[in-house]
Structures are given as C-alpha cells and as structure tokens.
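A.B. asks: build me a model:
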Amino acid sequence: MTQLEMMGANAKQAARVLMNAGAKKDEALLSIAQALRDNAAAIIAANEKDIENGKAAGLTPSLLDRLKLDESRIAGMAEGVTQVAAQPDPIGRILEGRTLKNGLQIEKITVPMGVIGIIYEARPNVTSDAAALCLKAGSAVILRGGKEAINSNKAIAAVMRDAIERAGLPRDCVALVEDTSRQSATELMQLSEYLDVLIPRGGAGLIKSVVANAKVPVIETGVGNCHVYVDKTADLEMAANIIYNAKTSRPSVCNAIETILVHKDIAEQALPVIKAALDEKNVELRGCERTRAILGDCVKPATENDYAVEFLDYILAVKVVDSLDDALDHLARYSTGHSECIVTSDYAAANRFTAGVDSAAVYVNASTRFTDGGEFGLGAEIGISTQKLHARGPMGLNELTSMKFIIRGNGQIR
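C.D. replies: Residues are numbered from 1 along each chain as shown. A predicted model of the protein is given here:
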C-alpha cells in the first residue's frame, strides 16, 4: 500500500466517525479557529519561506499576493472557520417525504459525501477553508496544494489536525499530501477506492489536467474568463465603475473580469471614460482594431488568445461589437461559464442577456466580483462550480452533501 493509499484508508475510517458526529463537528471547528489564532506566528514564519521561494521563482505580484499570509489574513481564516461552525448542520435534512399507496413511507435526506479530495494552487487560505467546509459537511478531506505554498500548508494542516484531535475527532478527518510532485497529483486523481469526489481549485491548466486524468468523479470549479458587456444604452459612469471594480479590486481571483465588450454605438464615448478609470491601476489594455482606432497605440493589438485567456493580472482584453447578438456570440465562444455582466438601461436587452448567457452567474448592472458564497448570503464556499451536474455556482455546505432514501414499511413485499 502506497503512502497515499494509506492516507485514503485512514480518511475513509475518519469519515465513518464524521457521519454521525453532530455537534462534535462544531467543537472541532471552533478548536481549529482558536488554534489558527494561537499559532499565527508559526504559520507566518512558514509562509515567509514560501514568499521567498516564490520571488526567486519569478511569481507575479498578483500571485505573490494570493500566497501571502499575515496576522490579518490568518484572523480572517479563523473567522471563516468560526462562521462555518455557526451555520446549520447540512446533514440529515429531509428533502422530500411521501407515503406510497402500499403504505411505504419514503424520505430523502442529506448525507455526507464521504471522502473529498481537493487539489489547489498557491492560496494557503484554501487549506483551512476547504477543511472546515468538508468537516462541517461530515466528510473527511485529503488536501493537495501547490508547491508554491507547501510550507504554509504544512503548518496550517498540522495546527488543524492537532485541534481536531483535541476536540475528540480523528485527526485524519483532515490530511495533507506533502509530496507536491506531478506523480502525487496523478495518484490522487486515480484514488478511486478511497475518494468519493475530487474538486480542483485553480487555473485552467490544473482543471484540464484533473478532468483528463481523474478516475474519481470531478466537480469543476474556478476558471473564470468573465466579461462585462457595455450595451448602447449604458450609463457611462456606472459602466466605468463596474469595470474598474471587477478588474482591479483583486485581479488574481476567478470572479475578476478578463474582457470587456462595448457596443459600437457607444464605444467612442465609453472607451475613454473606461480607460481613464483603469489608468488609476495602470491596467494594460489589449484591443481590437476599432478599440485601437478610438484609444490609440496605448492599446496593444489583441490576439485571438487574449480573448480566451484568464490573465489573473492587471491586463484586460477589449472588443467593440456590433450588437447584443454579437456580444452573445462572443460569450458563447469564449466564456468559461463563470460570471458575465451587462451594463444597460434597456430592460429588454437585460432580459435577452440573462436568457442568452449560459453561465453560473449572470449580472445586470453589477460587478462580477459578487460571485461568492458569502456575498450571496450562502456562507463559505469550496469554490465556484462552472459545470451543470450536481452543483453550479458557489458551492457551500449544502452542495457538499449527497442524499439517500430511507424507506419504512411494515412487511411490504414486491
């Protein structure tokens, strides 16, 4: 048995305890939250090693920002765990109930998934977020972060495992794969005897690799080639504010926009206003020929790939479109199904956009940065599902459960 198989077997045993842990789960979560606060200095020291290694490896400033932990961010992680503990238990909810003509009483209730595997990249806060959500949902979790955050992840995982054990639950409710080689990732993707579901959180390359190699059911999350379409009736100040927020408030996250589409009838008025707002953060624009004709050579020529890529940086692709239909065609081709926005004063255009865009979240006159479980009032999330089976959009506690039928009879036979 390999080390990862042993980890899977231990997680499966821990999951059996978690199935009926009830209030013990909340005790463990509160223990984790306090332990994160108490051990902040040690976690930050480990994180500093990752930051040094990241700088040496040439990580971009936005990726280094995703990687960095400080007192404030660790306090935020602890508060996130506390909030998960405060949410209603998602296990044992009765979804449906009926009595058949033959007297059988049938209930459909929520149950844990079992053992969840999560593969993610350079965001160490995911380590505590994902562990807390899985634990509350009654499932054990095997975490496999990227090499960029390995020292941070090891420190956080050790703190959590000790805290879980102090609360009276198996420490193997949470496990971390410390081998960050490609081989370990592939082995985890194929751990079908022990994993019930695999959730990748990261860029397009990671998710594509998981989908191609996994032998375990996969829930795709995270790739966000998000757009704002500025319709011909848009309020220009509103459009500029939404675009500025959706691009620059945190460009390295999946709900940040990567492309703006501007209707030709408003482009000459809108583009200078939008560019002036984006200039505050020195956003690099890559545009079509009509965009460059309006804004000049300060806009780099856009390539086909620029409309398909997730920049995760202060870079924005721009295209002038002929109509709403042209914008919808562009989205059908390039959208990853995450979040799209229309800025418009035309009610009919807004309705055509919301009906015509096939994404998890579709906005009218609001920033795509709201695509988040907490912002939607759903609590913490494991990620944004961009697929259509099982869960779509923010994946909170309820989306981390499965279901089973309980049938009660008094001797019925078929």
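A.B. asks: low-confidence regions, the chain specifically.
C.D. replies: Within the chain, the stretches with pLDDT under 70 are 222.
A.B. asks: now the helices for it?
C.D. replies: If you assign secondary structure with DSSP state H, the helices in the chain sit at 3-18, 24-38, 40-56, 61-67, 71-86, 125-136, 150-166, 182-189, 204-213, 236-248, 264-278, 289-295, 324-334, 347-356.
A.B. asks: tell me the buried residues in the fourth one?
C.D. replies: Meaning helix 61-67. Using 16 or more other Cβ atoms under 10 Å as the burial criterion, the residues of helix 61-67 that qualify are 62-64, 66-67. (C-beta placed from N, C-alpha, C; glycine too.)
A.B. asks: who touches it?
C.D. replies: For helix 61-67, the surrounding residues in contact (Cβ atoms under 8 Å, 6 or more residues apart in numbering) are 47, 50-51, 54-55, 59, 122-124, 148-149, 152, 251-253, 312-314.
A.B. asks: and the residues you listed, which are buried?
C.D. replies: Those of those that meet the buried threshold are 47, 50-51, 54, 59, 122-124, 148-149, 152, 251-253, 312-314, by 16+ other Cβ under 10 Å.
A.B. asks: now do the same contact list for residue 165.
C.D. replies: Remark: with contacts taken as Cβ under 8 Å, 6+ apart, residue 165 is in contact with residue 171.
A.B. asks: when you give positions from now on, start the count at 22
C.D. replies: In the new count, where the first residue is 22, that last one comes out as residue 186.
A.B. asks: could you measure it against residue 35, distance?
C.D. replies: Taking Cβ to Cβ, to the nearest Å as the criterion, residue 186 is separated from residue 35 by 11 Å.
A.B. asks: got it, and residue 435?
C.D. replies: Applying Cβ to Cβ to residue 435 and residue 35 gives a distance of 37 Å.
A.B. asks: which of those two has more residues huddled nearby?
C.D. replies: Each of residue 435 and residue 35 had its neighbours counted (other Cβ atoms under 10 Å), and the higher figure belongs to residue 35 (24 against 3).
A.B. asks: for residue 138, give its distance to residue 282.
C.D. replies: 37 Å.
A.B. asks: ok, now residue 53?
C.D. replies: With Cβ to Cβ as the criterion, residue 53 and residue 282 are 44 Å apart.
A.B. asks: returning to what we had before: so which of the buried residues of helix 82-88 is the closest to residue 396?
C.D. replies: Within these, proximity to residue 396 (Cβ to Cβ) peaks at residue 87, which comes in at 18.5 Å.
A.B. asks: now that closest one: how far from residue 78?
C.D. replies: In this structure, residue 87 and residue 78 are separated by 14 Å, where distance is defined by Cβ to Cβ.
A.B. asks: what does residue 149 give?
C.D. replies: 24 Å.
A.B. asks: neighbour count for those two, which is higher?
C.D. replies: A direct count of neighbours by other Cβ under 10 Å for residue 149 and residue 78 places residue 149 higher, at 28 against 10.
A.B. asks: which residues sit in contact with that one?
C.D. replies: By Cβ under 8 Å, 6+ apart, residue 149 lies in contact with 53, 57, 98-99, 101-102, 177, 181.
A.B. asks: save those as CSV, and put in distance to residue 211 and neighbour count too.
C.D. replies: Shown next, in CSV, are the contacts of residue 149 (distance: Cβ to Cβ, whole Å; neighbours: other Cβ atoms under 10 Å):
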residue, distance to residue 211, neighbour count
53, 29, 30
57, 32, 24
98, 31, 25
99, 34, 21
101, 31, 20
102, 30, 30
177, 26, 32
181, 26, 29
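A.B. asks: going by distance to residue 290, which of those residues wins?
C.D. replies: For the contacts of residue 149, the closest approach to residue 290 (Cβ to Cβ) belongs to residue 101, at 42.4 Å.
A.B. asks: the closest one touches residue 402, doesn't it?
C.D. replies: No. Under the criterion of Cβ atoms under 8 Å, residue 101 is not in contact with residue 402, lying 10.2 Å apart.
A.B. asks: hmm, back to that, next step: the buried ones among the contacts of helix 82-88 restricted to strands.
C.D. replies: Taking DSSP state E, every one of the buried ones among the contacts of helix 82-88 sits outside strands.
A.B. asks: gap between residue 35 and residue 133?
C.D. replies: Computed with Cβ to Cβ, the distance linking residue 35 and residue 133 is 11 Å.
A.B. asks: also residue 117?
C.D. replies: Computed with Cβ to Cβ, the distance linking residue 117 and residue 133 is 19 Å.
A.B. asks: from residue 170, how far out is residue 145?
C.D. replies: When distance is defined by Cβ to Cβ, residue 145 is 4 Å away from residue 170.
A.B. asks: shared neighbours of the two, which are they?
C.D. replies: 68, 71, 88.
A.B. asks: which positions in stretch 111-130 come out as buried?
C.D. replies: For stretch 111-130, a neighbour-count test (16+ other Cβ under 10 Å) marks 111-112, 130 as buried.
A.B. asks: my bad, should have said stretch 34-53
C.D. replies: Under the neighbour-count criterion of 16+ other Cβ under 10 Å, stretch 34-53 has 35-36, 38-39, 42, 45-53 buried.
A.B. asks: could you list the domains of this protein?
C.D. replies: In terms of domains, the chain is parsed into 24-242+403-429, 247-391 (source: automatic domain parsing).
A.B. asks: adding distance to residue 397, write these out as CSV.
C.D. replies: Output for these, formatted as CSV (distance: least, Cβ to Cβ, whole Å):
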stretch, distance to residue 397
domain 24-242+403-429, 6
domain 247-391, 7
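A.B. asks: any idea which of the helices of the chain gets closest to residue 216?
C.D. replies: helix 24-39 (6.6 Å).
A.B. asks: and the closest one, what does it pack against?
C.D. replies: strand 136-141, strand 161-165, strand 195-197, helix 203-210 (3 or more Cβ pairs under 8 Å, 6 or more residues apart in numbering; DSSP states H and E).
A.B. asks: give me the contacts around the third one.
C.D. replies: The one in question is strand 195-197. The contact list for strand 195-197, computed with Cβ under 8 Å, 6+ apart, reads 28, 31-32, 148, 152, 155-156, 161-166, 174-175, 178, 181-182, 185.
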